[in-house]
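Asker: just the structure for this:
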Amino acid sequence: LGAVADYYTRSVTVFNTSTGLVLGTVFLNTSGGVVGDCLVNPAGTRAFATDFNSRVWVIDLTASPPALASGPNPIPISNYGEDLAVTGDGRFLLVSDGSAYQPISVIDVASQTEVSTFHLGHDCNSIDVGSDGSVLVSSYSWSRVRRLTIDSAGVLTDTGESLNVPYYPINVYCAPGGQAGIAIGGYGTITSFSIPGLVPLDTGYLWYS
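Answerer: Numbers count the residues shown, from 1 in each chain. Have a look, this model is predicted:
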């Protein structure tokens, strides 16, 4: 299953990725017209969406049609809520803000509650989790990627590893297998690096015609 959030209608549409068939649309009771990131957990049973109002909404994908999940919903978090990432085992959901200097939020998916936070001391505009427990975060204002780790209790720890990347990174991704990552910056730049260590491998450019 796949899910996409709509900024203007404040809704999440769920679809079958094989057939393209829309399974349903869930409207979020959030003020304003802002809905941020959206993702589906590895088991395909839950979708999550941020709303820039310090909340994460949970959608039950086992319901027909999909509907808001029971339990604490939306989940209060300690940042406005923009980018989402989920651990490979599906236990923890990580949420970062964009430009504000606010902590990363870690949510226990089973209880639908925030269980820990981690403050980088600067903005965190994107986040991703590797299969080895690496947590990659980017800072737009500092033009930097850092690597944290997450343990079995959902606690984040700073490894001290950091990489300056060109032109203000806007997103960071960990490759399958967790041995490398990329940071996408302005002006079409893509910087690759190895994990652990954040050793730079290459920087390329996307050219637009």
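Asker: bridging residues for the most centrally placed residue in the chain?
Answerer: By C-alpha atoms, centre = their mean, the chain has its centre lying nearest to residue 84, at 1.8 Å. For residue 84, the beta-bridge partners are residue 95 (DSSP bridges).
Asker: please report how far it lies from residue 194.
Answerer: 25 Å (C-beta to C-beta, to the nearest Å). Just so you know, the C-beta spots here come from the backbone N, C-alpha and C atoms, and that holds for glycine as well.
Asker: tell me the mean pLDDT over stretch 55-69?
Answerer: Averaging pLDDT along stretch 55-69 gives 96.
Asker: what does the pLDDT read for residue 33?
Answerer: 63.
Asker: ok, back up a step: the residue nearest to the centre of the chain contacts residue 48, doesn't it?
Answerer: Yes. Residue 84 lies in contact with residue 48 (C-beta atoms under 8 Å); the separation is 5.9 Å.
Asker: what's the neighbour count on residue 11?
Answerer: When neighbours are counted by other C-beta atoms under 10 Å, residue 11 registers 16.
Asker: and what of the one 10 residues further on?
Answerer: Residue 21 has 9 neighbours, counted by other C-beta under 10 Å.
Asker: same check, this time on residue 184
Answerer: 18.
Asker: roughly how far apart are residue 83 and residue 37?
Answerer: For residue 83, the distance to residue 37 - C-beta to C-beta - is 5 Å.
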